[in-house]
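Trainee: below is the sequence, then the predicted model.
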Amino acid sequence: MRKLLLILSLVILILAQGPLQSLIYKQREIYKLLPPIDVLVLYQLMPAEAITITLVGTMLGGFRGVAAKMLWLKSDEYWHSGRWYSMLPIMRTITWLDPSFVQAWDTAGWHVAYNLRAEAKTEEEQDEYVRRGCEILEEGIRWNPKSWQLLFQLGWTHYDKSGNLAEAIKWFKRARPLEDWKPGDLPRTHHMIAHAYERLSDIPMALKTWKDDFKYEHYCGANKGAVETITERYVVPWKLMEQGRYEEAIAWMDKLLEREELRHSSIVRHVLAEIYRRMGDLETAQAIMEQWSNKNKLDAGARYKAKLWKRMLEEKKSSKGGLAGTQAQP
């Protein structure tokens with residue numbers, strides 16, 4: 001009954017504002033503003049209880065930004081009452097009403113990639129929520145290409161959840177020049193690029209990025225420590241690998257793994273796996289990443305590599321099997 005009354009109210013409002021809305025539509029077309037609102041779409045997108053006459057009247061009056069802020073308050077109410085799944089359609093409606101509402105895009109992407117992912121029962125469902133969260137952030141960036149907040153959040157989501165470190169670096173690099181950095185502040189984006197290169201792993205680029213960090217006036221000290229650590233631990237085996245001296249490079253890395261303070265180091269595993277991969281032993285490289293990702297659930301990069309390389313090995317094996325089958329036919 002409530003839904004029927006709501007629909008009747010919507011119809012009356014639509015008929016009453018017809019002449020004025022026609023003029024508004026024309027003005028929007030002339031000035032290339034957002035497309036007109038179809039109120040029935042709102043009814044499809046959101047929980048019925050969140051749609052009020054005040055909200056609909058505000059929207060039909062052309063006050064999309066005001067309506068978006070009203071819904072933002074409603075989403076906050078849902079958050080504090082634990083109704084996570086009801087939040088998403090409201091936030092997506094907010095971005096539909098006001099695509100410049102950066103915080104709504106940011107929260108929606110984070111909510112899907114983190115909160116809903118945490119509720120998923122299978123790894124496949126978890127990956128799907130992360131993918132959808134990243135898609136929401138990318139859509140928000142298309143509307144707000146100069147938003148450091150969205151660019152950084154997308155880079156972080158790839159670094160922390162999808163594990164696609166190349167994608168993380170791409171978005172962090174787009175965010176870096178937009179960061180509101182002041183002398184004394186920590187250059188967060190630049191540091192995340194360096195961390196992503198460490199786990200990619202690309203030791204020369206990680207070292208260069210940390211060295212470039214000295215141009216920022218801040219007092220963290222992470223850059224000095226990172227340069228010393230990378231130089232002491234990884235430059236030599238990396239050069240040995242580039243020279244094709246793989247066994248020597250692996251022996252160097254094995255000695256690092258014997259050190260007590262490096263037993264829980266992600267970078268050591270990533271570099272060791274990369275050496276095996278460059279040597280052509282993808283199977284061992286994949287095994288290292290899979291074993292480490294099972295031990296360290298927070299290393300999304302290791303999980304991503306383990307799954308990617310496993311798929312590549314299966315495709316290679318399948319390809320060889322298909323070829324052998326073809327050759328065996330008369």
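Mentor: Nice, I can see it.
Trainee: how about low-confidence regions in the stretch 51-200 of the chain?
Mentor: Scanning the stretch 51-200 of the chain for pLDDT under 70 picks out 51-87.
Trainee: helices of that one, residue ranges please.
Mentor: 53-60, 64-80, 84-97, 102-110, 117-119, 123-143, 148-157, 165-175, 188-200 (DSSP state H, counting those that start in this stretch).
Trainee: neighbours of His218, just the number please.
Mentor: 18 (other C-beta atoms under 10 Å). Backbone N, C-alpha and C define where each C-beta goes, glycine included.
Trainee: in the stretch 201-330 of the chain, which ranges drop under the pLDDT threshold?
Mentor: Looking at the stretch 201-330 of the chain by pLDDT under 70, you get 321-330.
Trainee: in it, which spans are helices?
Mentor: Applying DSSP H, counting those that start in this stretch to the stretch 201-330 of the chain gives helices spanning 203-212, 222-233, 235-242, 246-257, 266-279, 282-295, 300-328.
Trainee: nearest to His158, of those?
Mentor: Closest approach to His158 among those (C-beta to C-beta): helix 300-328, 8.3 Å.
Trainee: so which bits of that closest one are buried?
Mentor: Of the residues in helix 300-328, Ala300, Gly301, Ala302, Arg303, Tyr304, Lys305, Ala306, Lys307, Trp309, Lys310 count as buried by neighbour count, 16 or more other C-beta atoms under 10 Å.
Trainee: can you redo those residues as TSV with distance to Thr231?
Mentor: Formatted as TSV, the buried residues of helix 300-328 follow (distance: C-beta to C-beta, whole Å):
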residue	distance to Thr231
Ala300	27
Gly301	22
Ala302	24
Arg303	28
Tyr304	27
Lys305	24
Ala306	28
Lys307	32
Trp309	28
Lys310	33
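Trainee: closest to Lys239 out of the helices of the stretch 51-200 of the chain?
Mentor: Among the helices of the stretch 51-200 of the chain, helix 188-200 comes nearest to Lys239, with 16.8 Å by C-beta to C-beta.
Trainee: now the closest one - C-alpha only, PDB.
Mentor: Output in PDB follows, covering the C-alpha atoms of helix 188-200 (Å, rounded to 0.1, in the frame of the first residue of the first chain):
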ATOM      1  CA  ARG A 188      52.200   9.800   0.500                       C
ATOM      2  CA  THR A 189      51.700   9.200  -3.200                       C
ATOM      3  CA  HIS A 190      55.400   9.200  -4.000                       C
ATOM      4  CA  HIS A 191      56.000   6.800  -1.100                       C
ATOM      5  CA  MET A 192      53.300   4.400  -2.300                       C
ATOM      6  CA  ILE A 193      54.800   4.400  -5.800                       C
ATOM      7  CA  ALA A 194      58.200   3.300  -4.300                       C
ATOM      8  CA  HIS A 195      56.500   0.600  -2.200                       C
ATOM      9  CA  ALA A 196      54.700  -0.700  -5.200                       C
ATOM     10  CA  TYR A 197      57.900  -0.900  -7.200                       C
ATOM     11  CA  GLU A 198      59.500  -2.900  -4.400                       C
ATOM     12  CA  ARG A 199      56.900  -5.600  -4.600                       C
ATOM     13  CA  LEU A 200      56.400  -5.500  -8.400                       C
END
